[in-house]
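*Asks:* generate coordinates for the sequence data below:
(one chain, ligands or ions: 1)
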Amino acid sequence: MNITVELGERSYDVVLANGARHELAKLIRSRAPRAQTVAVVTSPSLRNQPWFGFDSGLSEHVIEVPDGEGAKTLATLDELCERLAGVQLSRHDVIVAVGGGAVTDLAGFAAAVYLRGVALVQVPTSLMGQVDAAIGGKTAVNLAAGKNLVGAFHQPLGVLCDFDTLSTLPERERLSGLGEVAKCCLLEGWRATQVVDVSLSDLAIMSVRLKANIVSGDEKESGQRALLNYGHTLAHAIEVLALERDIDELRHGEAVAVGLAFAARLAHRLGRIEQGEVENHDALLGAFGLDARLPAHSATSDLVGAMGQDKKAHHDLTFVLASANGFDLVRDIDADVVATVLDEFRGEL
Ligand code: GLY
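*Replies:* Numbers count the residues shown, from 1 in each chain. Below you'll find the predicted structure:
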């Protein structure tokens with residue numbers, strides 16, 4: 001299945017299939033015909049996986065970066081760019097990012113800034129990467145002050161979502177990806193009963209189709225793309241507090257699941273949706289096996305404070321919220337209302 005992100009002459013396909021990684025040589029031949037060298041950026045744990053093997057048809061250098069969100073730093077970016085220079089990667093050459101969201105964010109940002117920009121192919125190997133992180137051109141590293149605070153939009157030449165890689169995905173990572181899939185189902189207005197018996201590959205295809213449509217119409221997030229942050233205001237606050245305390249508590253998509261359940265309750269409190277839609281959110285998250293409870297350590301006042309600091313919030317409390325007519329980015333929500341709904345949510349689950 002190929003889904004196109006339509007961006008004029010920068011349009012590209014997201015290929016979703018078992019064995020999609022074998023499309024690499026064809027993709028590079030057609031989109032980067034002057035390339036002579038490929039830098040495959042990946043992490044050590046992936047290099048040993050049975051599916052790891054990339055034939056670009058060109059001279060290849062595998063460059064390892066550490067696993068996980070902790071690797072998304074300016075220091076790792078510096079090391080990576082030195083390695084790219086060390087293999088003499090030129091303006092015509094290609095970076096192939098093979099990994100989960102952290103690797104594709106880091107390698108994508110290196111591709112955006114090394115030599116003021118080189119071509120990039122994303123090969124996301126986690127469900128999270130395949131349904132969200134590697135599509136749409138957002139690349140970034142973290143600062144001590146927060147996640148993804150230094151980054152760039154840099155669209156790839158193509159995205160190869162190889163379902164073979166999901167066979168070795170740890171259960172927590174699968175659940176995390178399902179958090180983003182649940183978000184897409186809810187944005188598409190699905191009822192909980194609709195997700196039963198839908199295969200993971202069909203769920204991934206639905207999610208990518210939604211994201212590709214939205215990014216095609218709003219590449220730089222000046223409008224509709226912000227809706228992809230449904231559930232993320234609370235999720236980011238949970239993640240920021242966990243990071244400050246050095247607690248590896250919830251994966252990103254697991255935090256998004258909590259954020260989705262909360263956003264439904266807030267929308268209901270603001271008179272935007274009926275109680276039945278709140279129940280639909282809970283049932284849909286439950287159908288994916290996602291736990292929507294707030295983490296125990298997170299005090300309401302800390303969460304409200306962190307939500308006000310979110311980089312999308314412009315110092316107010318901003319949420320994507322459902323209504324009977326669709327979703328909106330709602331700004332300037334009263335902090336007392338948010339705190340009350342949070343306390344009720346905590347007591348209820
Ligand atoms: N992850 C949301 C976006 O790419 O816009």
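
*Asks:* low-confidence regions, the stretch 101-250 of the chain specifically.
*Replies:* Along the stretch 101-250 of the chain, the parts satisfying pLDDT under 70 run over 246-248.

*Asks:* could I get the full set of helices for it?
*Replies:* Using DSSP state H, counting those that start in this stretch, the helices found in the stretch 101-250 of the chain span residues 101-113, 127-128, 171-187, 200-217, 232-244.

*Asks:* output stretch 264-273 in CSV with nothing but the alpha carbons.
*Replies:* The C-alpha atoms that make up stretch 264-273 are tabulated as CSV, following Å, rounded to 0.1, in the frame of the first residue of the first chain:
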residue,chain,number,x,y,z
ALA,A,264,-13.0,13.8,26.5
ARG,A,265,-13.9,14.6,30.1
LEU,A,266,-12.9,18.2,29.6
ALA,A,267,-14.9,18.5,26.4
HIS,A,268,-17.9,17.1,28.3
ARG,A,269,-17.4,19.6,31.2
LEU,A,270,-17.3,22.4,28.6
GLY,A,271,-20.6,21.2,27.1
ARG,A,272,-19.1,20.2,23.8
ILE,A,273,-19.9,16.4,23.8
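
*Asks:* list the contacts of residue 74.
*Replies:* Remark: with contacts taken as Cβ atoms under 8 Å, 6 or more residues apart in numbering, residue 74 is in contact with 141, 143, 150. No exception for glycine: its C-beta is placed from N, CA and C like everyone else's.

*Asks:* point out the residues in the stretch 201-349 of the chain that sit beside the ligand.
*Replies:* Taking Cβ under 6 Å from any ligand atom as the criterion, the neighbours of the ligand within the stretch 201-349 of the chain are 221, 225, 228.

*Asks:* just the buried ones among the contacts of residue 74, please.
*Replies:* Neighbour-count burial within the contacts of residue 74 applies to 141, 150; the criterion is 16 or more other Cβ atoms under 10 Å.

*Asks:* could you list which of the contacts of residue 74 belong to strands?
*Replies:* By the criterion of DSSP state E, membership of those in strands covers 141, 143, 150.

*Asks:* want to throw those into JSON lines with distance to residue 176?
*Replies:* Conversion of those to JSON lines gives the following (distance: Cβ to Cβ, whole Å):
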{"residue": "141", "distance to residue 176": "20"}
{"residue": "143", "distance to residue 176": "23"}
{"residue": "150", "distance to residue 176": "23"}
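
*Asks:* from those, pick the one nearest residue 181.
*Replies:* When the ones in strands among the contacts of residue 74 are ranked by distance to residue 181 (Cβ to Cβ), residue 141 comes first, at 25.6 Å.

*Asks:* which non-adjacent residue is nearest that closest one?
*Replies:* In space, residue 141 comes closest to residue 72 once its chain neighbours are excluded; the distance is 4.5 Å by Cβ to Cβ, 6 or more residues apart in numbering.

*Asks:* against the ligand, how distant is that neighbour?
*Replies:* In this structure, residue 72 and the ligand are 15 Å apart, going by Cβ to the nearest ligand atom, to the nearest Å.

*Asks:* now do the contacts for that residue.
*Replies:* Counting by Cβ under 8 Å, 6+ apart, residue 72 makes contact with 102, 105-106, 140-142, 148.

*Asks:* what's the helix or strand for the nearest residue to residue 240 once chain neighbours are set aside?
*Replies:* Spatial nearest neighbour of residue 240, excluding adjacent residues (Cβ to Cβ, 6+ apart): residue 306 at 4.9 Å. Per DSSP states H and E, residue 306 falls inside helix 300-309.

*Asks:* now that helix and helix 232-244, what's the angle there?
*Replies:* In terms of direction (axes from the mean of the first three to the mean of the last three Cα atoms, to 10 degrees), helix 300-309 departs from helix 232-244 by 110 degrees.

*Asks:* helix or strand right after helix 300-309?
*Replies:* With elements assigned by DSSP H and E, the helix or strand that comes after helix 300-309 is strand 319-323.

*Asks:* residues making contact with whichever helix or strand comes after that following strand?
*Replies:* Sequence-wise, the next helix or strand beyond strand 319-323 is strand 326-330, with elements assigned using DSSP H and E. Contacts made with strand 326-330 from outside it, assessed by Cβ under 8 Å, 6+ apart, are listed as 187, 226-227, 230, 270, 318-321.

*Asks:* all set, thanks.
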